[in-house]
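1. Build me a structure from this.
(2 chains)
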Amino acid sequence: MRASIRSLFKRQWREVRAVDGISFEIESGEVVGFLGPNGAGKTTTLKMLSGLLYPTGGAVRVLGHTPSRRERDYLRRMTLVMGNRNQLQWDLPALDSFELNRAIYRLPREEFRATRDELVELLDIGDLVRKPVRQLSLGERMKVEVVGSLLHLPQVLFLDEPTIGLDVTMQKRIRGFIARYNERYDATVLLTSHYMADVEALCKRVIVIHHGRVLFDGSLATLTHRFSALKTIEAVLADGETIRLQVPKNETSQATAKLLAEHEVTDLTVEDPPIEDVIEQVFASEAPA
Amino acid sequence: MSAETVRRREPWLRSMADFYLTAMRTQIQTQFQYRIPMYMYTLGMAAEPTIYLVVWGAIARSHGGAVNGITASQFAAYYIVWTLVRVMNIVFTPYGWEERIREGHLSGQLLRPMHPIHYDLADFAGQKIPWIVMYLPIGAGLWLAFHPAFHPRPLGVVVFLVAIWGAYVIRSFNQFILGMITMFTTRAGAIFQVWFLAELLLSGRLVPLTLMPHWSQSLASWLPFKWTFYFPIESLVGHMSNASLLAGLGFQLLWIAIGVLAVSGTWRLSVRHYAAVGN
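-> Predicted structure coming up:
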């Protein structure tokens, strides 16, 4: 309350750099995971790449365009899908929204119909696109939303948590669709997601950011290798009991040997820790004091 | 990220006409999903001019039948046509910009290769059609109740039909520019209030402009408001000469041209400040 009254007479301003000096390049056709905790700067970066935000410094180039200029040729070649946003006409079937997109993107009718039917078939949503959007479930809405965003066959896809809030089956469906679109059209995809299954299924490369800075840029395997100091050993004993051990990487062979020597083991696996744990490790190692 | 081939697309003019028709059709479909609320809304809209009509009619009668030469039945004609002009004048409100930004709708529009003003123009143009259909029985009811003095000339009718669309476009531009203030501050309501007060007094919305003091009539001539209410109404119910009618359309055209320049200039400035807050 005191702060509210004080703000009537004296405003306090603080400059916050949501993204600070990050730099990366993505090749055509790559699918890259863009990871970071909440507030890391992922969405801000995607908004800059899609031309929604005007960067206060630095340079951004996508498909030979400067996104903040918002040139129509650029906007026709990219899409930004945000899992928590719906751009479809709420009261009408998605087909009507698709038709509107056809007019906005100036798509020739024949080409549009062919693309629409192909995408609808790929996601198996033939019945859903004829129902008013308000009658669809969250997952169904997301599927038609994704199709609506791709009707102009963008070459670059910025996907901001496209599977947020969806059940496992629906997540898998969306993931499969993105993978197929990438293969079919050689599209470049930059994906943010808090579901590591999305990242593991789609991305060979990940960029990890935290506090607006890039912490890691490379393959998932390198990320695990660099940031995970532990291995997980899981052994199933003859009496049916399962033992799970986490040991330092350099002690893996000794620990395994000891386990085999001391117990009658029927099954044994040595794995890297789940990617969620690795990412958590990355964030923890860079967390501010 | 490297550049690839650009897809074939329809010619600009044809695709713009296609967009407007498609967006208008979409809006008509949407509006008919909400027939009862739409009728209630149109009915509510008729309340304001009916109050003005009743008050000014009573004043006219108490002043020996006319105020400043305007009779009760002329007031009736003015305010009944006012109602139709008001329906035509409904545009995206600047107050809606806050929600448009917060809910991410503006971001969605910015991602598309088309200036957002086209969505507003097309959407609200589409909404006019069901609204006018809804207005007709209300207008007929007002007609039967208040017996307006209505003797339009053919040129007046033609000018009116053009002028109501001109008024719609001018008001759309004005309020779009006003709404863009929200990109600089999300609490722009006070500024909007000042604007609407000026519009109420200087457009002929509250009273026919001829009843206003001379200085305010002169002031109104330099501002766009008059061309969005008073001129379309007067073109149908007033006694304007042919020259005045055509000059009026010319002034509307001038304000549309000013609006185009102002929208595009202000837009370029505003979009740099857009913080894409919300979704």
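2. ok, now how distant is whichever residue of the stretch 51-200 of chain B sits closest to chain A from residue A:70?
-> Among the residues of the stretch 51-200 of chain B, residue B:113 lies nearest to chain A; the distance is 3.9 Å by Cβ to the nearest Cβ. (Each C-beta comes from the backbone N, C-alpha and C, glycine too.) Computed with Cβ to Cβ, to the nearest Å, the distance linking residue B:113 and residue A:70 is 9 Å.
3. cool, residue B:239 as well?
-> If you measure residue B:239 against residue A:70 using Cβ to Cβ, the figure is 49 Å.
4. Check residue B:69 too.
-> Plainly put, residue B:69 is 54 Å away from residue A:70 if you go by Cβ to Cβ.
5. Of the two, which one has the most company?
-> When neighbours are counted by other Cβ atoms under 10 Å in any protein chain shown, residue A:70 comes out ahead of the other of residue B:69 and residue A:70, with 19 against 8.
6. Do a quick rundown of the strands in the stretch 1-150 of chain A.
-> Using DSSP state E, counting those that start in this stretch, the strands of the stretch 1-150 of chain A run over residues A:31-35, A:78-82.
7. now swap in the stretch 151-289 of chain A and tell me
-> Listed in chain order, the strands of the stretch 151-289 of chain A (DSSP E, counting those that start in this stretch) span A:156-160, A:188-192, A:205-210, A:213-219, A:230-237, A:242-248, A:265-271.
8. how about these in TSV, adding mean neighbour count and mean pLDDT?
-> As requested, the strands of the stretch 151-289 of chain A are arranged in TSV below (neighbours: other Cβ atoms under 10 Å in any protein chain shown; pLDDT from 0 to 100):
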stretch	mean neighbour count	mean pLDDT
strand A:156-160	24	95
strand A:188-192	25	95
strand A:205-210	22	92
strand A:213-219	16	91
strand A:230-237	16	87
strand A:242-248	13	87
strand A:265-271	12	89
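9. and residue B:132, that one's in a helix?
-> Yes. Read with DSSP: H, G, I helix; E, B strand; the rest coil, residue B:132 is one of the residues of a helix.
10. ok, how many other residues are close to it?
-> Quick note: residue B:132 (other Cβ under 10 Å) scores 15 neighbours.
11. Could I get the contacting residues of the nearest residue to residue B:75 once chain neighbours are set aside?
-> With sequence-adjacent residues excluded and distances taken as Cβ to Cβ, 6 or more residues apart in numbering or on different chains, residue B:75 is closest to residue B:56, at 4.4 Å. Residues counted as contacts of residue B:56 (Cβ atoms under 8 Å, 6 or more residues apart in numbering or on different chains) are B:67, B:70, B:72, B:75, B:79, B:207.
12. and the third one, how far is that from residue B:61?
-> Here the criterion is Cβ to Cβ. By it, residue B:72 lies 6 Å from residue B:61.
13. the more surrounded of the two?
-> residue B:72 (22 against 13).
14. who's in contact with that one?
-> For residue B:72, the set of contacting residues under the criterion of Cβ under 8 Å, 6+ apart consists of B:56, B:57, B:60, B:61, B:65, B:66.
15. List the buried residues in the helix or strand harbouring the third one.
-> It stands for residue B:60. Counting by DSSP states H and E, the element that carries residue B:60 is helix B:47-62. When neighbours are counted by 16 or more other Cβ atoms under 10 Å in any protein chain shown, the buried residues of helix B:47-62 are found to be B:49, B:50, B:52, B:53, B:54, B:56, B:57, B:60.
16. continuing past that helix, what's the next helix or strand?
-> Downstream of helix B:47-62, the next assigned helix or strand under DSSP H and E is strand B:66-67.
17. Does anything pack onto that next one? Which helices or strands?
-> helix B:47-62, helix B:72-89 (3 or more Cβ pairs under 8 Å, 6 or more residues apart in numbering or on different chains; DSSP states H and E).
18. could I get these as JSON lines with mean pLDDT and distance to residue B:220?
-> Conversion of the helices and strands packed on strand B:66-67 to JSON lines gives the following (pLDDT from 0 to 100; distance: least, Cβ to Cβ, whole Å):
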{"stretch": "helix B:47-62", "mean pLDDT": "90", "distance to residue B:220": "17"}
{"stretch": "helix B:72-89", "mean pLDDT": "93", "distance to residue B:220": "16"}
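19. JSON lines please, covering the ones you listed and showing distance to residue A:104.
-> Written out in JSON lines, the entries for the helices and strands packed on strand B:66-67 read as follows (distance: least, Cβ to Cβ, whole Å):
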{"stretch": "helix B:47-62", "distance to residue A:104": "36"}
{"stretch": "helix B:72-89", "distance to residue A:104": "25"}
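20. right, and those - which one's nearest residue A:36?
-> Nearest to residue A:36, of all the helices and strands packed on strand B:66-67, is helix B:72-89, at 47.7 Å by Cβ to Cβ.
21. can you give me how far that closest one is from the chain middle?
-> The offset between the C-alpha centroid of helix B:72-89 and the centroid of the whole chain comes to 14 Å, using Cα atoms, centre = their mean, to the nearest Å.
22. Just want the angle from it to helix B:47-62.
-> Interaxial angle of helix B:72-89 relative to helix B:47-62 (axes from the mean of the first three to the mean of the last three Cα atoms, to 10 degrees): 160 degrees.
23. State the next helix or strand along the chain beyond helix B:72-89.
-> Counting by DSSP H and E, the next helix or strand C-terminal to helix B:72-89 is helix B:96-102.
24. Neighbours of residue 117, how many?
-> With no chain named, the answer covers chain A. The number of residues near residue A:117, taken as other Cβ under 10 Å, comes to 11.
25. if you could check chain B rather than the one you did, that'd help
-> Here the number of neighbours of residue B:117 (other Cβ under 10 Å) works out to 20.
26. Tell me the first helix or strand C-terminal of the helix or strand where it lies.
-> When secondary structure is defined by DSSP H and E, residue B:117 falls within helix B:116-146. Read in the C-terminal direction, the helix or strand following helix B:116-146 is helix B:154-179, with elements assigned using DSSP H and E.
27. For that following helix, list every residue counted as buried.
-> Those buried within helix B:154-179 under the rule 16+ other Cβ under 10 Å are B:156, B:159-160, B:162-164, B:166-179.
28. downstream neighbour of it in the secondary structure list?
-> Next along the chain from helix B:154-179, counting by DSSP H and E, comes helix B:189-202.
29. and the residue of the stretch 51-200 of chain B closest to chain A, what does it touch?
-> Residues in contact with residue B:113 (Cβ under 8 Å, 6+ apart) are A:72, A:73, A:75, A:76, A:104, A:105, A:106.
30. ok, now with 7 Å
-> For residue B:113, the contacting residues are A:72, A:75, A:76, A:104, A:105, taking Cβ atoms under 7 Å, 6 or more residues apart in numbering or on different chains as the criterion.
31. what pLDDT does residue B:3 get?
-> pLDDT recorded at residue B:3 is 40.
32. Same check on residue A:178?
-> On pLDDT, residue A:178 comes in at 94.
33. same thing with residue B:189?
-> Reading off the model, residue B:189 has pLDDT 81.
34. Next up, the contacts around it.
-> Contacts for residue B:189 (Cβ under 7 Å, 6+ apart) come out as residue B:95.
35. Roughly how far does the closest residue to residue A:36 other than its chain neighbours sit from chain B?
-> Distances taken as Cβ to Cβ, 6+ apart place residue A:209 nearest to residue A:36, at 4.3 Å, with adjacent residues excluded. Computed as Cβ to the nearest Cβ, to the nearest Å, the residue A:209 to chain B distance reads 18 Å.
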